[in-house]
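Visitor: got a structure for you, letters missing:
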């Protein structure tokens, strides 16, 4: 069966493990999710209990003591310390946390943030030689450094000590350093998935003997959310505490940034941090120089903080405009591409700093691996690669390394530089390497619930699971066999949908961002399965639950009732897989038989036009005039005469045919003559009359019946 509304994702429902019954006052599903996600124990769910935050001893890092002693020695000896960071939100906040702490401890400290386009990620030899020349005696890398083997040797050669604080994937060879603080590298540390800012926070905790500043947690929270690490274990603790501190922050730079993007501190949650604040922290690094973000967060003057925030806001706006322009151009090129599995899109003027964002958007739109390239100042083609689930872009690049000067990344994302000015050989090679790949877009269903389960109590319970993010996503709820009512298109281009989800007498408001393409499939009487997240919608002081739709499908045949709609071009896409009810049928059984014979599972009911039965008075009028004036030819004048008496030409011909069938008239070569008979004849027994009467009955049924009645008849056993 060809069903017209298919899901975008493969829905995977997890088994629901049985847990100990806890009289917590929470919905059982909230309890279950709390436990299966490892957010706490059964005891933590009991009334009046407070879930304990996970927090490990910083000295669980085996080289923490060495790092702390070397940093304190540098402070005591007034040595110049250089913090070498990174240009993204995690690297920036890591840098700021450590600088603030060291300055409070009296250190002589400065920082260096590499330029994304000119230097790339991590330490580089020129930068380290410059650092040596400036007389720094201790270099501390944050959110980078674990792969800087050659650069570390430069420092050692010149007698400069190095401490590495990082969380990225180590390689086989580890740099020479005084100390390495890295959760995955250090087998002693119990949690491997701290963000860079989280690792720095542990160093600061050790330096300050456990006396962390409130802003330290807030800054570490920004880096943790910005780096999209799993929000479990210590990361969860950092984000929970950081959000609390952010709502009352006195940090001038952060308050200025919040003002610039028109957000109040008390409104902040993990979602706003991820979608409002972190993009602004990342924007300068994408567009130019990320150092301004460090200056913002270290600012001690309100005027300068406001100036920095304003400049960052301008950069972010520019970044969004440039990204939108490139996406538009990339789509235009992609629409003319015949590539089956991987597209390589190139324009020399595209801005390198946003190519990763563009590539991700293109993957989402086309479901293929995508490489976006631009030309750098050296004339080399440089860019980003992204891939959907089921495609391993890194392996594909390895198979095509003959075309590349440089590349690196992981299964779904990579950076690359081409060895040629012609990207076509790379596209051919990538398609060959990925020819057996198949996109698998799957989504995990956390809970299957009814609309009646979803109320403000449920939403309150969700707070026990927060903060949400990577590794602890907001629960995805499945609603089954629900109806959709009150559909409205909204947005500047009507690209979004608002509607009501109805299950029995229960209703739930819903918003479906970018859901316009499925608008025509949301028929009133069909039942749908929906995946959604539940959120609070506040408007004019009113609070209501709202479902944010993720995916939707219909597993039953549908009837598209277009009787009262303008037949826009978008409805044409339904025709191939739906039987169109048009014309006339001798009976309802004939309609049903025609539908079954079509082999199509769905129905389209279009405007049917007019089909009526002449009145008895019209039959009498025609008979009397024929009896009076026959024989006569059906000339234009005759037809006009009848039309002036409200009998159309088609109706006249039908009445004459009925009379001829019962033997009252004879029609031959447009000549109408009367047949004399003393027999009383009933025109309602004429075959044409009975056929038309049956067709009119079906026509009236299709015009007046509800869509539900039509669907039940055609698909039912009636």
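Guide: Okay, I see it. All of these numbers come straight from a predicted model, not from anything done at the bench.
Visitor: Let me see the residues that make contact with the lowest-mean-pLDDT helix or strand in the chain.
Guide: Lowest mean confidence among the helices and strands of the chain (mean pLDDT, DSSP states H and E): helix 707-715, at a mean of 74. Outside of helix 707-715, the residues within contact range by Cβ atoms under 8 Å, 6 or more residues apart in numbering are 523-525, 557, 559, 561, 588, 591-592, 595, 603, 605, 701-702, 705, 718. Where C-beta positions appear, they are placed from N, C-alpha and C, glycine not excepted.
Visitor: if you set the cut-off to 10 Å instead, what comes out?
Guide: The contact list for helix 707-715, computed with Cβ atoms under 10 Å, 6 or more residues apart in numbering, reads 523-526, 556-561, 563, 579, 581, 588, 591-592, 594-596, 601, 603, 605, 701-702, 705-706, 716, 718.
Visitor: ok, now stretch 321-333?
Guide: Taking Cβ under 10 Å, 6+ apart as the rule, stretch 321-333 contacts 286-287, 334, 343-347, 349-351, 353-355, 357-359, 361-362, 365-366, 370, 372, 374.
Visitor: For the strand or helix carrying residue 314, list every residue counted as buried.
Guide: With elements taken from DSSP states H and E, the one containing residue 314 is helix 302-334. Neighbour counts over helix 302-334 (16 or more other Cβ atoms under 10 Å) mark 304-309, 311-313, 315-316, 319, 322-323, 326-327, 330, 334 as buried.
Visitor: Parallel or antiparallel, which strands does whichever helix or strand comes after it pair with?
Guide: Remark: after helix 302-334, the chain's next helix or strand is strand 342-346, criterion DSSP H and E. Partner strands for strand 342-346, per DSSP bridges, with pairing direction: strand 369-375 (parallel).
Visitor: The helix or strand that the partner strand is followed by - contacts with which helices or strands?
Guide: Once the chain leaves strand 369-375, the next helix or strand it forms, by DSSP H and E, is strand 381-386. Secondary-structure packing of strand 381-386 (3 or more Cβ pairs under 10 Å, 6 or more residues apart in numbering; DSSP states H and E): strand 342-346, helix 355-366, strand 369-375, helix 393-399, strand 404-409, strand 413-418, helix 424-433.
Visitor: if I look at residue 238, how far off is residue 153?
Guide: 34 Å (Cβ to Cβ, to the nearest Å).
Visitor: Comparing these two, which shows the higher neighbour count?
Guide: The neighbour count for residue 238 versus residue 153, taken as other Cβ atoms under 10 Å, is higher for residue 238 (31 against 15).
Visitor: Give me the buried positions along the strand ranked longest in the chain.
Guide: Taking DSSP state E as the criterion, the chain has its longest strand at strand 477-490. Under the neighbour-count criterion of 16+ other Cβ under 10 Å, strand 477-490 has 477, 478, 479, 482, 483, 484, 487 buried.
Visitor: which helices and strands does whichever helix or strand comes after it pack with?
Guide: The C-terminal neighbour of strand 477-490 among helices and strands, as given by DSSP H and E, is strand 496-503. On a contact count with 3+ Cβ pairs under 10 Å, 6+ apart, strand 496-503 meets strand 477-490, strand 506-512, strand 528-539, strand 542-553.
Visitor: Go again with 7 Å.
Guide: Counting contacts by 3 or more Cβ pairs under 7 Å, 6 or more residues apart in numbering; DSSP states H and E, strand 496-503 packs against strand 477-490, strand 506-512.
Visitor: and residue 615, which of those strands is closest to it?
Guide: For the helices and strands packed on strand 496-503, proximity to residue 615 was assessed by Cβ to Cβ; strand 477-490 is nearest, at 40.4 Å.
Visitor: For that closest one, what is the distance to the chain centroid?
Guide: Offset of strand 477-490 from its chain centre (Cα atoms, centre = their mean, to the nearest Å): 18 Å.
Visitor: Over to stretch 531-541?
Guide: So, by Cα atoms, centre = their mean, the centroid of stretch 531-541 is 17 Å from its chain's centroid.
Visitor: Please point out which parts of that stretch sit buried.
Guide: Those would be 531, 532, 533, 534, for stretch 531-541 by 16+ other Cβ under 10 Å.
Visitor: What is the nearest of those residues to residue 691?
Guide: When these are compared against residue 691 (criterion: Cβ to Cβ), the nearest one is residue 531, at 50.0 Å.
Visitor: how close does that closest one sit to residue 231?
Guide: Distance from residue 531 to residue 231, by Cβ to Cβ: 21 Å.
Visitor: and if you look at residue 504?
Guide: 36 Å.
Visitor: Repeat that for residue 473.
Guide: Separation of residue 473 from residue 231 (Cβ to Cβ): 9 Å.
Visitor: And for residue 425?
Guide: 42 Å.
Visitor: Which of those two has more residues huddled nearby?
Guide: residue 231 (25 against 15).
Visitor: Without its sequence neighbours, what residue ends up closest to that one?
Guide: Using Cβ to Cβ, 6 or more residues apart in numbering and skipping residues adjacent in sequence, the residue nearest residue 231 is residue 469, 4.0 Å away.
Visitor: Surely that neighbour is in contact with residue 270?
Guide: Yes - the pair residue 469 and residue 270 passes the contact test of Cβ atoms under 7 Å, sitting 5.6 Å apart.
Visitor: Show me whatever sits in contact with both of the two.
Guide: Shared contacts of residue 469 and residue 270, defined by Cβ atoms under 7 Å, 6 or more residues apart in numbering, comprise residue 225.
Visitor: quick revisit: return the member of the helices and strands packed on strand 381-386 having the minimum mean pLDDT.
Guide: Least confident of those, judged by mean pLDDT, is strand 404-409 with a mean of 82.
Visitor: List the residues that contact the nearest residue to residue 299 once chain neighbours are set aside.
Guide: The shortest distance from residue 299 to any non-neighbouring residue, by Cβ to Cβ, 6+ apart, is to residue 305 (3.9 Å). Shown in contact with residue 305 (Cβ under 7 Å, 6+ apart): 252, 253, 256, 296, 299.
Visitor: picking up where we left off before, need the helices and strands packed on strand 381-386 in a markdown table (columns: distance to residue 8).
Guide: Formatted as a markdown table, the helices and strands packed on strand 381-386 follow (distance: least, Cβ to Cβ, whole Å):
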| stretch | distance to residue 8 |
| --- | --- |
| strand 342-346 | 20 |
| helix 355-366 | 10 |
| strand 369-375 | 18 |
| helix 393-399 | 21 |
| strand 404-409 | 26 |
| strand 413-418 | 21 |
| helix 424-433 | 24 |
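Visitor: Can you check which of those gets nearest to residue 457?
Guide: That would be helix 355-366 among the helices and strands packed on strand 381-386, by Cβ to Cβ, at 35.0 Å.
Visitor: counting contacts, what elements does that closest one pack onto?
Guide: Counting contacts by 3+ Cβ pairs under 7 Å, 6+ apart, helix 355-366 packs against helix 302-334, strand 369-375, strand 381-386.
Visitor: and with 10 Å instead?
Guide: So helix 355-366, by 3+ Cβ pairs under 10 Å, 6+ apart, packs with helix 278-287, helix 302-334, strand 342-346, strand 369-375, strand 381-386, strand 413-418.
Visitor: quick one: strands adjacent to the fifth one?
Guide: Looking back up the chat, that one is strand 381-386. In its sheet, and by DSSP bridges, strand 381-386 pairs with strand 369-375 (antiparallel), strand 413-418 (antiparallel).
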